[in-house]
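Undergrad: structural data only, the sequence is not supplied:
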């Protein structure tokens, strides 16, 4: 990690004269620098042939990058060749491709729900649902219009209801005091005292003695 204008440099030779190459070889897990703190890795060579190479082998490089010239930020600069060996890991390579068709999940039967925890599943909208979730809605689906509820008038007058109480008096059962004979020859018992009593006529049978 390079912080606060940290510097890793290699310089070979003097300007205008021949010299050997000054190479930098870094092998680390992570190379980390703060971009705004001007921490550099520089390799300068003043030989006739281009030299002074930089080679970095790391899993990932953070906060610094190769530039042709030095800047006010954290740089990797060399008069020769700069080689950055990093692991090019695709973050999407470990993702599992999910099927486009949703899985029909089953509700667990072992979940305990108290009586007050009531759940509902409501589908609101117009038209109907297809039998299969994979089917598309067709124009032949029935269209159901929204129903507008008329406001109720709470001040409406209720007509009074009149009742005529009726009292039914049961007929009193009395003892028959007379009997009459109707036109059909039937005996009718009557409690009317003015009815003439019915008299049974009996013709005795005369017995002739020997």
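TA: Structure received. These numbers come from a predicted model, not from an experiment. Numbers count the residues shown, from 1 in each chain.
Undergrad: so, low pLDDT: which residues of this structure?
TA: Along the chain, segments meeting pLDDT under 70 span 13-21, 47-51, 88-94, 98-117, 122-133, 135-144, 151-157, 163, 165, 192-210.
Undergrad: how about residue 2, what does it touch?
TA: Residues in contact with residue 2, defined by CB atoms under 8 Å, 6 or more residues apart in numbering, are 8, 32, 33, 34, 37, 39, 40, 41, 63, 64, 74. For the C-beta atoms, the positions are set from N, CA and C on the backbone; glycine is no exception.
Undergrad: drop anything exposed from the residues you listed.
TA: 32, 33, 34, 37, 39, 40, 41, 63, 64, 74 (16 or more other CB atoms under 10 Å).
Undergrad: return the member of the contacts of residue 2 nearest to residue 149.
TA: Distance to residue 149, by CB to CB, is smallest for residue 63 among the contacts of residue 2, at 65.4 Å.
Undergrad: ok, now how distant is the closest one from residue 147?
TA: 65 Å (CB to CB, to the nearest Å).
Undergrad: please name the nearest non-neighbouring residue to residue 189.
TA: Excluding its sequence neighbours, the residue lying closest to residue 189 (CB to CB, 6 or more residues apart in numbering) is residue 176, at 3.9 Å.
Undergrad: same question for residue 6.
TA: In space, residue 6 comes closest to residue 39 once its chain neighbours are excluded; the distance is 4.0 Å by CB to CB, 6+ apart.
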